[in-house]
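[1] fold the following.
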Amino acid sequence: MDKWLVIYDIRDIKRLRKVAKIMLDYGIRVQKSVFEIECNKDIIYKLKKAIHDIINEKDFVVYFNICEKDWQKKLKYGILYQETEVEEKSFYIL
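    Numbers count the residues shown, from 1 in each chain. Model (predicted):
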């Protein structure tokens with residue numbers, strides 16, 4: 001199973017909503033336009049195709065394939081996570 005970090009910037013609100021709805025079917029939202037996805041290559045290909053059919057030349061989507069070693073290094077802090085060993089709030093180390 002591959003690990004992906006997907007970020008996007010969609011300029012039109014209608015396209016943005018469509019992309020966000022699709023992304024929610026594939027992964028976990030970690031910020032407004034950032035998703036973590038664990039899936040195989042066939043699934044990510046379907047996601048890319050679905051997104052490509054919606055966006056235009058003013059938009060962008062970036063897909064980061066993260067290796068397992070680096071995926072395990074991530075630390076999450078903030079109100080949605082139970083990490084309490086650090087005082088800082090709402091930052092991510094990837």
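
[2] contacts and neighbour counts: CA atoms only from here.
    Noted.

[3] stretch 20-39 spans what distance, first to last residue?
    17 Å (Cα to Cα, to the nearest Å).

[4] pLDDT of it, averaged?
    Stretch 20-39 shows a mean pLDDT of 95.

[5] got the contact list for the spatially most central residue of the chain?
    The geometric centre of the chain, computed from its C-alpha atoms, lies nearest to Phe35 (Cα atoms, centre = their mean), at 1.7 Å. Taking Cα atoms under 8 Å, 6 or more residues apart in numbering as the criterion, Phe35 is in contact with Leu5, Val6, Ile7, Met23, Gly27, Ile28, Arg29.

[6] kindly reformat those residues as CSV containing neighbour count.
    Converted to CSV, those look like this (neighbours: other Cα atoms under 10 Å):
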residue, neighbour count
Leu5, 20
Val6, 18
Ile7, 16
Met23, 21
Gly27, 17
Ile28, 14
Arg29, 16
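
[7] for the residues you listed, which one is nearest Phe64?
    Leu5 (5.0 Å; Cα to Cα).

[8] OK, contacts around the closest one?
    Applying Cα under 8 Å, 6+ apart, the residues contacting Leu5 are Val34, Phe35, Glu36, Ile37, Tyr63, Phe64, Asn65, Ile66.

[9] do that again at 6 Å, thanks
    When contacts are counted by Cα atoms under 6 Å, 6 or more residues apart in numbering, Leu5 is found next to Phe35, Glu36, Tyr63, Phe64.

[10] partners of the helix or strand hosting it, with directions?
    Of the helices and strands defined by DSSP states H and E, Leu5 is found in strand 2-9. Strands that pair with strand 2-9, judged by DSSP bridges, come out as strand 34-39 (antiparallel), strand 60-66 (antiparallel).

[11] many thanks, we can stop here.
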